[in-house]
Structures are given as C-alpha cells and as structure tokens.
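Peer 1: Quick one, what's the 3D model for this:
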Amino acid sequence: MAEARSKPRGELAELSAQLQSLCTAGKRTEKELRNAKKDVFKKVVNYMTLGMDMSALFPMMTSCANLSADDIALKKMLYLYLTHYASQTPDLALLTINQLQKDCADHDPMTRGLALRSLCSLRVANFLEYVVTPIVTGLADRHSYVRRTAVMGVLKVHHIDPVAVAQHGMIERVKRLLASDTDVQVIANCLSVLMQLEPPDRLAEKALVYSLLNRIKEFSDWGQCQVLELVTHYTPTAEAEVYDMLNALEDRMGHVNSAVVMATIKVFLHLTINMTATHQQVLERIREPLKTLISRDDAPTAYAALSHVLLLAQRAPMIFENDAVAFFCRTHDPWFVKKLKLEILAAIASTANVYDIVTELTEYARDISPTMAREAVRAVGRIALAVPDSGGIVERLVMFLDGGSEHLVAEALVQLKDVLRRYPDVVHTCVGGLGDLAVHANITEPAARAAFVWILGQFGGLIQDAPYLLEPFVDGFASEDSSVRLAVLTAAAQLFFRRPAEMKPILGAALSAGIADSHADVHDRALMYFRLLRADAAAAEQVVAPPLMVVPWFSEALSPEAKDAIFAEFNTLSVVFQQPAAAFIERRAYHSLDPEPEAPSQAPTTDLLALEAPELLGADRSTNLLADADGADLVGVGVGADLLDLDIGGRTMGSSSSAAPPPLASGYAQVLGATGPGLGPTAGPTGAPLPQAQWQSQAIGGLGGGVQSQSYQPQLLQQQHMPSGPAQRTPHGHMHQPAAFSGPTVMGRGPAGGYAMQAASYVPTAGGQGASGHGNQLGRVDDAPGLGLGPLATAAPAAPAPVQELLLNPKARVTAASFQEEWKRLPPAHSSTLSVSPATVAAIIANNHRDFTQHMTQAYIHTIASGGQAPSFRYYFYGQNGGPSAALYLVEMLLRSDSGNIQVTVKTADTASLPAFLELWNACLTGFTVMG
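Peer 2: Below you'll find the model as predicted:
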C-alpha cells in the first residue's frame, strides 16, 4: 500500500510510464508495438491541444519515435510535438536537430518534406544556422513537394532573420523557381512568398503575367487566387491588351469557388478603372455572378459577397437598381445577412423603385424581432434622406409613430430628426401628431428622447403644446441621460425666443439644473447660455437659435475618400469591415521573436496589488479618491431658483450701470417688458419708462419665475477638492497664489482643451465682499470670442507671481517600498477633479495603459503602478526635482471610466515648487487629451 501511494498520479505520469515501456519491444510484435506507440502519441497530442503541458515528455517522445524511424504517422505526430514545444525547451529541441537534418536527406520525399517543414517551424533564432542549408538544398530537390515546402520555409526564415535570407540568395532562388519550375503548386507558393517580400508591382512583368494567365486553369483554386492577385498589380500598355486579358479570364466568372470569382471581379474592375465606357460594361457583367453568390445558402459566403455589393451600390447605385427583389430578406437568412441586405436596399433606392422598397421595409417593421424592426425603420429613414421626393416616405415614418411599439416609435423619432435636418420643408407633414406621443412617459431610449426634444426646440413654433411637452423633461432633468440634458438646454433656449411668455420659467429652471449639473458638458453649456442671455439677448438669439441650416451629409457616412480607399482594397477584409486596412491592421512583424515592449519605468507586477487595496500604499481616507464626492461643487441654487437673477457682472440687481443695455430682439422684448406673474414691470407706477439699466435688470433677471434677486453664495460651482496651499493655473497659464483660492471658482478650459481651475480675481473679506466691494459676484469670467462678455467692473487683480521653471530628474528611480513610505509620511498638498471625454478615457486605458504611462514618462513623470478593473482605474506616478532640493512629487490618479472623471492627489515636501510641478503635470495630461 505504501508503494502504491508513493507512485505519481495524473495524465503526465501515466503517459511517461507508457512511453518508457514502449522503448523496448518486450513480448509484443512490431505491429503491436507501432499501434501502441500511435495510441500514446495521439493521447499526447490530444492533451497538448487541450492546453496541458506535455513538455516533460520531450526526451521520451523523441527516443520512442526514433526506434520506429520508418513510420510516417509517428513522425508526423512527433514533428507536431517538436514544433509546439521547441520555443519553450530550446535546449532539448537542439537534441532533435541532427535527427531532423538526417530526415531532410531521407530517400522518401514525404519524410524530407515533413522534416524540412518542422525544421523551419521551430522558430528558435539560434537554430537558423541549421535551417539555412536544408532550405537551400530543398529548393533544388527533385521532388515538387519538397520544393513547395522549401519555398514556404524561405518566408518563415525571413520573418525571423531577413539578413540571413539575403546573404544566402534565397529570394533569387525563389525567383528562378517561379520562372522555370514546371509544378504549378511550386509556382503558386513562389508567388505567395514573393508578393509578401517585395512590392507586387515590381514582380508583375508582362512576360510572367501572360505565362501565368495561359496556365491559370492548371492551378488549384488557391493558386488561381494568387495569380489573379498578381494580375491586379499589372498595368497594361494599351486597351487592346486589356480586352485580351478580359477575354482570357471571362470563364473564371463562372467558377464554382467564390474566392476565384471575387478575385476575377477585382481584376476586371482594376483593368478598366480608367476606361469609363468599358468599366460600365464590366459593372453590368459582374452583376449576375454577384447575384449568384448572394443566393447561396452558405451564410458567410453570402455575407462577404453582400459586403462587396454594398460597396459597389454606394459607388454606382444604378447597377442594381432594377434588381431590388434580389435583396429582399428571406425567412431563413441569418440576422447579419438581413442587416446587410437592408443597407443595400437603402443604397439602391431611386425614384423608380423607392415605393416597392419602402413597402417591403414596412412589412419588415412588423417583424417579431425588435432589432429587425428597428433596422427596417432605419432603412426607411436612410431612403428618405437619399431620395429627394420624400413626401410619401416621410408619411411612412410618421405612420411608425402610431405603431404602438416603443422600439418603432423610438427609431422613427431618431430618423425624423435626421430627415428634418436635411429637408426642413417637410416639417408640416411630421409634427402634427407629436403632441400625442407622450414621449416622456413612454419612451426610455436616450437617443429618441433627445431627438424628440430637438424637434421641439427647432419647430416648437409649429407645435401648439411644445413648452408643455418640454416641461416634464426639465422637471426630471437630473434623471435624464447627458445627451438628453444637453438637448433640453438647447431646446429650452431656442423655444424661449419663439414662445417667450410660456418658456421663461421653464428656461430658468433648465439653466439652474444645468449649472448645478456634475457633467462638464452640461454644466458648461448651461453656463454659456446663461451668460449669453445676461450679456446680450439679441446676440444670444443669433448664437442659440439661428435659422436651421440644411445638412447635406452626416458625419456617420463614409467620406468619398474613404470609399475610394476601400474600393482600392477590393476583395479584402476592408470591404467587410467598411474601413481601410490602415484602420484595423497593426503594422508589426508577423512572427516577431522580440517580446512586447514594457513601459520604461513600469513597477514590478507585485505592486499592482496595491491598486486593489489602497491602504497598502498608506492612502488614508482623507485622500482616498474612491470615496464618493460630497457634492460640494453642486451646492447653491436649486432647480426651482432663479439663476438668471445672479449678477454676472459683479453688481447687485438694484445697482445701476452707466453702460447702455443691448436691445432685446423683436418678438419677445414686449413680453419681457409686460406685467405678469414673475415678469416684473418695465414701467413705473405712472407709466413712465424705468431707467434703462433697471429695465434690463428686471426684464432679463425675471426669467427664472419671479424670485427676488439674491446675493451670490460663494459655494456655487466650487470644485469638490479645493487646494489648501498650492497655486493653480488659470486658463491663460498664470499662477495664482494660495490666498486667491479662498474665493469662488468655476471650472474653465485650460490650454489645448484641458480643464483647469479658474480662480476668482478678488479675495473675499469677512463681510463676503471682494476687493471691488461687491459681494454677489459669480467669479472672474474672461471675455470669450463671440459671446459678448466684456471685462468685469472689479478692481484690477494683483499681477501673478512668476512661476519658476521646473526641471525633473530624468534618471530618478524610486522603489515600491520607498514610494509607500513617503506616501504614508507626507500629507496631501493638492487635490483636484476634472472631466474628460469618452475618447480620452479609452485612450488612457488602451494597450494596458502603456500608451498613457509612456506619454507621462516623456516628461520624466514615472509610473510606479497602474491598473485596476472597470470602471475604476488607479495610477501612481512620481517625479524628482532636478535641482538641489531633489524633492519627490508623488501623484495618485483615479480614473472613473463610467463618468469620465479624473481625480488627482499630489504629495510633496517641497510646497514651494509645487505650482511649477502642477503646471508641468497639467501640460502633460492636457497633451494626452482626445477631443471628443
């Protein structure tokens, strides 16, 4: 029992024992021994393919196979095993080199070819000296199978060491085989290798092309594709030569293999691209072969063919204009094929077939699958955009609004918005029944809600209940998606200029909620509208509610340049992906043996554990950026308050100004001056007009619903984490001293689109007033181009102190233990928050954070740890002052991928140089920002 327990268990131990027993024949016959070896080898290969590590059996596998040297089946399995584990155990693989070289000289051509293929597949750089000689010998072998294998071996060696291939003249030998070999498969392999190693244009010579075309029927299907690919790089010298080549390849259009058909179509299109009349005839000629391919039951083949049909239909819709029925969906078509067919139907729609197509799409809209129904409605919308006479089609879209299904109504609203952007004249056909949809209560999709709100803002003058349809969106402003909140702000401002009496309280509530919003885009837009209205109402109307411009094409559509680039890559994945190859192919070595580059200052992997447990780095709760924001920056006036009573110019509502107010736009000036609930009078008790400044103050200040003017609270729009000591950079790049941060701040734009804190230009006194003596100031707002914001009537701020340039030590190195110790010891010196676009978030976390960390390293801000799991990612950086102080700057950055917020905490003992470091940090972070 004790001996049985001591024996190793498991598949590896069992196979090892079996292989050891097979090294001796024992009482078994030769046939039984070979069958037993094959069974064990099959088990090894099976476990290997399942991912189990069988490398420990390397010596026994080779010994067992060598005892049966004439068994081809055993050799095949052994070679498969060798090539799989050679890179993991190069020392053991070296022991098999002699056996492989010996097999390369075997009398059996099958053995020679298998050994040469395995030798070339070892992919161990140190073995190249043993591989080159067998390849050169194989290129001159008397058997075609060995020559085919040797030709492909040249390509494998080239991926490992191109210099060795050039030194031994392998490419020249392959070229001689291409010109002189009689075996078509060897020629096809030579073509494939040479087109990867050299520009195909240099290879496509007239004599070679004609020779291959005359023998094209002798090649296999794959070989014919290689020949046709070479022909696409050949430029005929005369039109007669083009016609000869087209006639020679005419029968390839009817080939049973779809790859050959598509390659032939590519040749036809390439040869006639500069012959307009002939090219049109070619387009007519390729229509039937393509229709045959898309009718096949093989869904992947049909999808690839449909992708090429879509590309051709976008370039020349008239080709398939009369064949719309061929693209109608069949019941058994998979979803991805149906989707592509709907895109083709939208692309080939014209005045001749539009009603037949739209009628068919209307039937698809009743499909039980919501996805299919939405795609059908989307196709109808695309047709309405493409066909100028779209009156009847728009009526079909309006009909979908009465369908009752949420997904149909949602998609119809999105498509109606696009149609109205291109054809505003059809608005009377569309907006009639929008008031009965109850979109706010019944539709939950953000895109549809935003589209409905956009229609209300642009065409609210034609919709009787537009203000009251918009009001529920304002009441539930905080619960809406950010895209809907942005649309509500714009629609409320636009509708105000068309229906001022009804929209005045709604606009005030919308701006109040928008300014208090935590989303940067929503907050900025609401604040811009508010300042525009306070500065110049007439200019605000020109900015916010200009005449609707017709949109000729949408950014989602491919540009003509992109379509031409895809067409140039016909019969490739570019057509299937609908984007050029440069957009999805990474240009790097195919079989590169070099390891992937790591970030220069990447910390050991053990430090990444600290990202999941900040306490390991001594991150106390006061600096833990994972804690929820306390909402300090949102403290201020509530949704129902009168935000428009806030004085942007630093004056109380009762104060007067010597500057004349801008005239209000006609059409709503009278309403602003009328007497009514919440409007405020514009005339005195005797009917005499009020002073101009007081009239403007009451007229514009009363938009919020009649709330009395109130003093500005310093908490409004403050940032969550206010710095306790260091200076901050203003949008102009200046640095304010710590005392300036005791006043209110607003979020502003830094250089190159980055966010930075915008500090107030005064220091509040104990009485709440600034240096200018006015207490209800919103903060310093610089003049912005096109917004009409003049300088504030406040005391001139003191000149900012100059910031000394900071040079970081490029050779700074900090261990993880030292970083943790310093992080625990130092108190936080700076904390801040900013918001970035989703594109920037994706760029930061892309490539396992390496792009971002390498970008920061260029400024000698090194990474000690980075990582995490969505939606929370942590980064720890450090830099060292290159001056005499040699102070360390430790940075903790938390990125929330769901909200786009970045929270930064900086610790350092050298607070005097902290402003300079913050300026460098902000510049680096801004340099990585992706505008989205």
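
Peer 1: secondary structure class for the closest residue to E284 other than its chain neighbours?
Peer 2: Distances taken as Cβ to Cβ, 6 or more residues apart in numbering put I319 closest to E284, at 7.0 Å, once the chain neighbours are dropped. For the C-beta atoms, the positions are set from N, CA and C on the backbone; glycine is no exception. What DSSP: H, G, I helix; E, B strand; the rest coil gives for I319 is helix.

Peer 1: My guess is I319 contacts R285. True?
Peer 2: No: assessed by Cβ atoms under 8 Å, I319 is found out of contact with R285, at 10.4 Å.

Peer 1: neighbour count winner among those two?
Peer 2: More crowded of I319 and R285, by other Cβ atoms under 10 Å: I319, with 18 against 14.

Peer 1: contacting residues for that one?
Peer 2: With contact set as Cβ atoms under 8 Å, 6 or more residues apart in numbering, I319 has these partners: L283, E284, R287, L312, A313.

Peer 1: Equivalent analysis for S913, please.
Peer 2: Counted by Cβ under 8 Å, 6+ apart, S913 has contacts Q804, L806, N881, G883, S885, A887.

Peer 1: Next: Y889.
Peer 2: Neighbour list for Y889: Y878, G879, Q880, N881, V906, K907, T908, D910, L914, F917 [criterion: Cβ under 8 Å, 6+ apart].

Peer 1: Could you give the bridge partners of it?
Peer 2: When bridges are called by DSSP bridges, Y889 pairs up with G879, T908.

Peer 1: measure it to Q820 for me?
Peer 2: 16 Å (Cβ to Cβ, to the nearest Å).

Peer 1: got it, and L230?
Peer 2: 62 Å.

Peer 1: Which residue is the nearest non-sequential neighbour of A909?
Peer 2: Excluding its sequence neighbours, the residue lying closest to A909 (Cβ to Cβ, 6+ apart) is A887, at 5.6 Å.

Peer 1: try I515
Peer 2: In space, I515 is closest to A526, 4.7 Å off (Cβ to Cβ, 6+ apart).

Peer 1: and F877, which of the three is it?
Peer 2: Strictly by three-state DSSP, F877 counts as strand.

Peer 1: give me the element the nearest residue to it once chain neighbours are set aside is part of.
Peer 2: Of all residues not flanking F877 in the chain, V891 sits nearest, at 4.2 Å (Cβ to Cβ, 6+ apart). Secondary-structure assignment from DSSP states H and E places V891 in strand 888-896.

Peer 1: Also T371?
Peer 2: helix 370-386.

Peer 1: which helices and strands does the following helix or strand past that helix pack with?
Peer 2: The helix or strand immediately downstream of helix 370-386 is helix 391-401, counting by DSSP H and E. Contacts defined by 3 or more Cβ pairs under 8 Å, 6 or more residues apart in numbering; DSSP states H and E place helix 391-401 against helix 354-364, helix 370-386, helix 406-422, helix 427-430.

Peer 1: got a list of contacts for helix 391-401?
Peer 2: Under Cβ under 8 Å, 6+ apart, the answer for helix 391-401 is 354-355, 358, 362, 365, 377, 380-381, 383-384, 387, 408-409, 411-413, 415-416, 419, 423, 426, 429-430, 432-434, 437.

Peer 1: still on that earlier bit, now the helices and strands packed on helix 391-401 as CSV including mean neighbour count?
Peer 2: Shown next, in CSV, are these (neighbours: other Cβ atoms under 10 Å):
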stretch, mean neighbour count
helix 354-364, 18
helix 370-386, 22
helix 406-422, 22
helix 427-430, 17
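
Peer 1: Compare the mean pLDDT across the ones you listed and name the weakest.
Peer 2: Set side by side, the helices and strands packed on helix 391-401 give their lowest mean pLDDT on helix 427-430, at a mean of 81.

Peer 1: Mind listing residues that contact it?
Peer 2: Residues contacting helix 427-430 (Cβ under 8 Å, 6+ apart): G391, V394, E395, L397, V398, L416, V419, L420, I455, F459, L462.

Peer 1: so what's the last one up against?
Peer 2: Contacts for L462 were tallied using Cβ under 8 Å, 6+ apart; they are V427, H428, V431.

Peer 1: how about the nearest residue to A870 once chain neighbours are set aside, what does it touch?
Peer 2: Distances taken as Cβ to Cβ, 6+ apart place S897 nearest to A870, at 5.4 Å, with adjacent residues excluded. Residues near S897 by Cβ under 8 Å, 6+ apart: V841, I845, A870, P871, S872, F873.

Peer 1: Mind checking which of these are in strands?
Peer 2: Counted as lying in strands by DSSP state E, out of the contacts of S897, are S872, F873.

Peer 1: Can you list the residue ranges for helices in the stretch 501-650 of the chain?
Peer 2: For the stretch 501-650 of the chain, the helices defined by DSSP state H, counting those that start in this stretch cover 520-535, 537-544, 560-568, 573-577, 609-612.

Peer 1: right, so of these, which gets closest to S835?
Peer 2: Closest approach to S835 among the helices of the stretch 501-650 of the chain (Cβ to Cβ): helix 520-535, 3.7 Å.

Peer 1: Point out the other helices and strands that the closest one packs with.
Peer 2: helix 482-498, helix 500-515, helix 537-544, strand 745-749.

Peer 1: Wait, a helix at V906?
Peer 2: No: counting by three-state DSSP, V906 is not found in a helix; it is strand.

Peer 1: Output stretch 892-899 as CSV, nothing but the C-alphas.
Peer 2: What follows is stretch 892-899, C-alpha atoms only, in CSV (Å, rounded to 0.1, in the frame of the first residue of the first chain):
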residue,chain,number,x,y,z
GLU,A,892,-2.3,59.3,-7.2
MET,A,893,-4.7,59.5,-10.1
LEU,A,894,-8.1,57.8,-10.1
LEU,A,895,-9.9,57.4,-13.4
ARG,A,896,-13.6,56.6,-13.5
SER,A,897,-14.4,55.2,-16.9
ASP,A,898,-18.1,55.4,-16.4
SER,A,899,-18.3,59.1,-15.6
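
Peer 1: Quick check: buried residues in it?
Peer 2: For stretch 892-899, a neighbour-count test (16 or more other Cβ atoms under 10 Å) marks E892, M893, L894, L895, R896, S897, S899 as buried.

Peer 1: and the next element down the chain from the top helix by length along the chain?
Peer 2: Among the segments of the chain that qualify as a helix by DSSP state H, the longest is helix 30-49. Once the chain leaves helix 30-49, the next helix or strand it forms, by DSSP H and E, is helix 58-66.

Peer 1: what's the distance between that next one and the middle of its chain?
Peer 2: 50 Å (Cα atoms, centre = their mean, to the nearest Å).

Peer 1: What is that helix packed up against?
Peer 2: On a contact count with 3+ Cβ pairs under 8 Å, 6+ apart, helix 58-66 meets helix 11-22, helix 30-49, helix 72-85, helix 90-94.

Peer 1: S55 - how many residues pack around it?
Peer 2: With other Cβ under 10 Å as criterion, S55 counts 16.

Peer 1: Help me confirm that it comes into contact with T89.
Peer 2: Yes: S55 is in contact with T89 according to Cβ under 8 Å; the separation is 5.4 Å.

Peer 1: Tell me where the model's unsure across the stretch 401-550 of the chain.
Peer 2: Where the stretch 401-550 of the chain drops to pLDDT under 70, the residues are 403-404, 433, 435.

Peer 1: how far away is K102 from V267?
Peer 2: Where V267 is concerned, K102 sits at a distance of 46 Å (Cβ to Cβ).

Peer 1: More neighbours: those two, which one.
Peer 2: V267 (24 against 13).

Peer 1: Isn't that one up against H233?
Peer 2: No: contact between V267 and H233 fails when scored by Cβ under 8 Å: they sit 10.1 Å apart.

Peer 1: Please point out which parts of stretch 184-202 sit buried.
Peer 2: Buried, per 16+ other Cβ under 10 Å, within stretch 184-202: 184-195, 197, 200.

Peer 1: ok, residues contacting that stretch?
Peer 2: By Cβ under 8 Å, 6+ apart, stretch 184-202 touches 144, 147-148, 151-152, 154-155, 158, 171, 174-175, 177-178, 181, 203, 212, 215, 218-220, 222-223, 226-227, 229-230, 233.

Peer 1: No further questions, thank you.
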